[in-house]
Each structure stands twice: as structure tokens, then as C-alpha cells.
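Undergrad: Task: produce atomic coordinates for the following.
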Amino acid sequence: MLDLDHPMSRFIVAVAREDDAILSIARRMTLVSTEAKRELLESANPHFTRMRELQREGWGESTEQTAAIVLLKQQLTHLAEIPSENDFYPYRQGKNCTVCSRPIENLKDYPDMVYCHACIAKIDSGREAVDEAFGLFAI
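TA: Next up is the predicted model:
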């Protein structure tokens, strides 16, 4: 559990906010065409920049945290580069992903979280690395 009185908590919460924004962008990427994914990738850059600033301010030049950010950015870039003919935003119910043929569906009990679960998995190890490196699992 995160101790909100600890001086590092504000950094951890701020990094989590940037990580969540990146995840939202990645989810949207699973619903759109290759060209639209490139635009979304550009919109993720300020979040990566802010995450790196928070890292320097809170933890200095930690190689573990730098590597985690780099991995997540590489994986998001890879996701953006996968050719896609998806055009499911905002109409996505009952569709199958053109990349992997899996259904576009919502996260159980969260009807507003709709995406391709198979494609989003391409950034899982990057997100896990960020979670571990910054202690986001404590939130």
C-alpha cells in the first residue's frame, strides 16, 4: 500500500498518471488504422517526456527506470507500426480485429474499456517493467 505521507508518493502517483494515459492511447490504437495509430503515437510523446522528467526529479538517472520507459516506448512504437485496417472507433461492438482476428470487446465489468485484448498484450512487459521500476503496484 502506498504511504501518501512519504515524499516519493507524489512522484509515484504522477508516473502512474502518465502510465495510465499511455495505456489509454494504446487501447485506442487497437481500434484504428495504421495511419491513425501513428498520430496516437505522437500524442503519447508528451507522456513519455513527463515520465522521464519525473524519474529524474524523483529518482535521478536510475538505469532500471530508464530501461523500463524505453521498453514501454519501444513496444508502443511497435504496436503503432503493425499494419491495421481497423476502423472501430467509436463503433466497435461485435467487430473482430483486422490484425489478429480476435474480437474487439470490453474489459469485464467496464463497458467503457473496449479494445483488442490480444493486441494490447504487446505492451504488457513494458507496462510491467514500469510498474516494477516505479512501484506503481503499490497504488
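
Undergrad: which residue packs closest to the one residue sitting closest to the centre of the chain, ignoring adjacent ones?
TA: Central residue check for the chain by Cα atoms, centre = their mean: the C-alpha nearest the mean position is that of residue 23, 2.6 Å away. Leaving out its chain neighbours, the residue that sits closest to residue 23 by Cβ to Cβ, 6 or more residues apart in numbering is residue 127, at 6.8 Å. From N, CA and C alone the C-beta is placed, and that goes for glycine too.

Undergrad: Please apply the same query to residue 136.
TA: residue 16 (5.0 Å).

Undergrad: quick one: that neighbour and residue 78, what's the gap?
TA: According to Cβ to Cβ, to the nearest Å, residue 16 and residue 78 sit 23 Å apart.

Undergrad: Those two: which is more packed in?
TA: Taking other Cβ atoms under 10 Å, residue 16 and residue 78 do not tie; residue 16 has more neighbours (20 against 12).

Undergrad: Can you tell me the element the residue nearest to the centre of the chain falls in?
TA: In this assignment (DSSP states H and E), residue 23 forms part of helix 9-29.

Undergrad: buried ones in that helix?
TA: Neighbour-count burial for helix 9-29, with 16 or more other Cβ atoms under 10 Å as criterion, is recorded at 9, 11-12, 14-16, 18-19, 21-29.

Undergrad: same deal with stretch 54-70?
TA: For stretch 54-70, a neighbour-count test (16+ other Cβ under 10 Å) marks 54, 55, 58, 59, 65, 68, 69 as buried.

Undergrad: got the contact list for the closest residue to the second one other than its chain neighbours?
TA: Pointing back at residue 55 there. The spatial neighbour of residue 55 that comes closest, neighbours along the chain excluded (Cβ to Cβ, 6+ apart), is residue 65 at 4.9 Å. In this structure, residue 65 makes contact with 55, 59, 133, 134, judged by Cβ atoms under 8 Å, 6 or more residues apart in numbering.

Undergrad: Appreciated, that's everything.
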